[in-house]
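K.L.:
pasting a predicted model and its sequence here:
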Amino acid sequence: MCRKMTNVKYQMTNISSYINAHKARFMEEWASLIRIPSVSCQAEHKADMIRCAERWKELLLEAGCRKAEVLPSQGNPFVYAEYKISNDKCQMTNTKTPTVLVYAHYDVMPVEPIDAWHSDPWEPSVRDGRLYARGADDDKGQAMIQAKAFEYLVKTGQMNCNVKFIFEGEEEIGSPSLEAFLEEHKDLLKADIILVSDTSMIGKDTPSITTGLRGLAYWQIEVDGPNRDLHSGHFGGAVKNPINALCEMLAQVVDRNGRITVPGFYDDVLPIPDEERAMIAQIPFSQEAYNKAIDVEDVFGEVGYSTLERNSCRPSFDICGIWGGYTGEGAKTVLPSKAFAKVSCRLVANQDHEKISQAFINYLQNLKPDGVRLTVTPMHGGQGYVCPIDIPAYKAAEKGFEIAFGIRPLAARRGGSIPIIAAFEAILGCKTILMGFGLEQNAIHSPNESMDLEVWEKGIIAVSEFYKEFAGNCK
């Protein structure tokens with residue numbers, strides 16, 4: 001599959017001029033958001049969450065929205081704004097006017113450890129072509145990309161879509177209020193497609209669109225044996241050791257070929273389309289460098305798939321933590337009374353996390369040896385997501401990237417999980433396009449988070465071109 005460089009300078013002249021003319025204002029508006037320490041996981045910042053929501057309301061109105069409001073939820077408030085094209089225009093063109101729902105979040109991670117920052121995390125600092133601050137990328141910087149692309153099209157009379165914005169303040173704590181808010185406001189949020197900029201690209205010179213996210217199922221396991229820790233000399237060999245039992249069970253969950261052995265586990269797993277496998281093969285990747293970076297002699301995974309396919313398009317099982325017995329200094333000959341583990345599965349699209357969770361619990365109960373008691377407690381779960389690469393919205397996003405970056409973007413699934421994306425589809429009934437502009441070196445969630453300013457400007461161009469192309473595709 002050939003990815004050609006594109007001569008698109010003439011298409012970017014007007015928007016580039018607009019960005020240059022308003023750059024100082026754009027940067028100050030961005031900074032005004034960053035200066036609000038909207039840390040959702042810390043109660044001391046509750047008032048800052050409201051301040052940040054109100055600031056976004058102001059900025060979206062100034063960008064051209066005809067309506068904006070801060071709406072209450074079970075937790076932090078949501079910001080809702082909209083821009084609707086007049087009925088006269090719809091009747092005059094006699095075409096369907098598509099509606100795009102833009103999602104972002106205004107909460108950020110804590111800044112600790114503060115002494116690891118090279119500049120004040122709440123005061124933007126520009127150096128070496130990057131803006132450094134908490135939220136520079138995740139997600140205030142990427143949300144500003146959306147806002148400024150929208151502003152350009154509205155202010156220059158080129159917006160041919162209805163646009164709605166929904167910004168939340170709890171993404172960094174798992175979006176506990178989102179699903180209830182979506183259910184309550186289904187009609188208000190009705191759209192043809194959802195547009196999200198909260199993901200990353202493969203690289204600055206290798207733009208990509210995230211087309212898939214893995215789901216998640218997570219459990220805590222407790223194995224109980226005798227009513228107290230026992231002397232291993234007096235009882236060893238006569239009483240089942242809970243840690244031994246736990247290890248025996250978990251060792252059977254994945255076979256020698258990297259396949260998960262839970263009955264029915266793969267029943268709903270869809271094959272990777274040939275076109276997508278071809279795109280994955282184009283992603284710059286060195287197995288040798290990968291191994292060296294994490295200091296392993298070799299990799300392991302499901303037979304028949306590459307490393308990049310295994311960690312994004314195929315499900316996995318991992319023991320995240322395991323403990324029990326004596327782990328202190330020196331020796332203590334003890335047969336422990338209890339053993340524990342935390343385990344997880346990354347799931348792929350079409351696998352239901354609740355169905356998998358119950359199947360795993362049933363399987364472990366069948367594997368349990370005599371002499372111990374087993375408790376498996378589900379702790380967390382979420383659905384996976386895959387966006388088809390042949391729908392009009394994806395094609396529009398692809399065109400936007402191509403115009404902005406001069407090269408066709410790759411379709412790339414990611415191994416992580418964003419459960420809210422599946423919730424959007426389940427509740428609002430529409431697909432999500434993940435037009436993310438983050439880079440690995442942006443260090444989101446870490447000290448010295450940053451945003452590449454060149455990529456940020458190209459992001460504005462890509463999103464504005466998305467709207468033009470999507471409106472045209474829906475005629």
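P.N.:
The structure has been received and is ready for your questions.

K.L.:
just checking, what packs against the host helix or strand of Leu131?
P.N.:
Using DSSP states H and E, Leu131 maps to strand 130-132. Under the contact criterion of 3 or more Cβ pairs under 8 Å, 6 or more residues apart in numbering; DSSP states H and E, strand 130-132 touches strand 125-127, strand 450-452, helix 453-473. C-beta: built from backbone N, CA, C; applies to glycine.

K.L.:
and these: which comes nearest Tyr106?
P.N.:
Proximity to Tyr106, assessed across these by Cβ to Cβ, is greatest for strand 450-452 (15.6 Å).

K.L.:
parallel or antiparallel, list what pairs with that closest one.
P.N.:
Looking at strand 450-452 with DSSP bridges, its partner strands are strand 130-132 (antiparallel).

K.L.:
follow-up on the earlier one: contact partners of the strand holding Leu131?
P.N.:
27, 30, 118-119, 124-126, 136, 141, 448-453, 456 (Cβ atoms under 8 Å, 6 or more residues apart in numbering).

K.L.:
filter those residues down to the buried ones.
P.N.:
Buried by 16 or more other Cβ atoms under 10 Å: 27, 30, 124-126, 136, 141, 448-453, 456, out of the contacts of strand 130-132.

K.L.:
and the two most separated of the residues you listed?
P.N.:
Largest separation among the buried ones among the contacts of strand 130-132 by Cβ to Cβ: Met27 and Asn448, giving 18.7 Å.

K.L.:
so what's Gly75 up against?
P.N.:
Counting by Cβ under 8 Å, 6+ apart, Gly75 has contacts 169-170, 176-177.

K.L.:
and the residues you listed, which is closest to Val111?
P.N.:
Looking across the contacts of Gly75 and measuring by Cβ to Cβ, the closest to Val111 is Gly169, at 17.0 Å.

K.L.:
separation between the closest one and Val100?
P.N.:
Distance of Gly169 to Val100, computed by Cβ to Cβ, to the nearest Å: 21 Å.

K.L.:
also Glu179?
P.N.:
21 Å.

K.L.:
roughly how far does the nearest residue to Gly436 once chain neighbours are set aside sit from Cys41?
P.N.:
Leaving aside its chain neighbours, Gly436 sits nearest to Thr199 (2.9 Å; criterion: Cβ to Cβ, 6 or more residues apart in numbering). From Thr199 across to Cys41, the span is 21 Å (Cβ to Cβ).

K.L.:
and these two? Which one has more around it.
P.N.:
Remark: of Thr199 and Cys41, Thr199 carries more neighbours, 22 against 13, as counted by other Cβ atoms under 10 Å.

K.L.:
test my guess that that one contacts Glu440.
P.N.:
No: with contact defined as Cβ atoms under 8 Å, Thr199 does not reach Glu440; the gap is 11.9 Å.

K.L.:
still on that earlier bit, downstream of the strand holding Leu131, the next helix or strand is which one?
P.N.:
Trace forward from strand 130-132 with DSSP H and E and the next one is helix 140-155.

K.L.:
just the buried residues of that next one, please?
P.N.:
Buried residues in helix 140-155, counted by 16+ other Cβ under 10 Å: 140-154.

K.L.:
pLDDT below threshold where in the stretch 151-300 of the chain?
P.N.:
Filtered on pLDDT under 70, the stretch 151-300 of the chain yields no residues whatsoever.

K.L.:
same question, the stretch 1-150 of the chain
P.N.:
1-13, 86-95.

K.L.:
mind listing the helices for it?
P.N.:
Here the stretch 1-150 of the chain has its helices, by DSSP state H, counting those that start in this stretch, at 9-34, 46-63, 87-93, 140-155.

K.L.:
follow-up on the earlier one: enumerate every residue touching the residue nearest to Gly436.
P.N.:
By Cβ under 8 Å, 6+ apart, the contact list for Thr199 reads 210, 414, 418, 434-436, 438.

K.L.:
check the protein and tell me which residue is nearest its centre.
P.N.:
In the chain, the centroid-proximal residue (Cα atoms, centre = their mean) is Ile418; its distance is 4.2 Å.

K.L.:
isn't that one up against Tyr385?
P.N.:
Yes: between Ile418 and Tyr385 there is a contact under Cβ under 8 Å: 7.5 Å.
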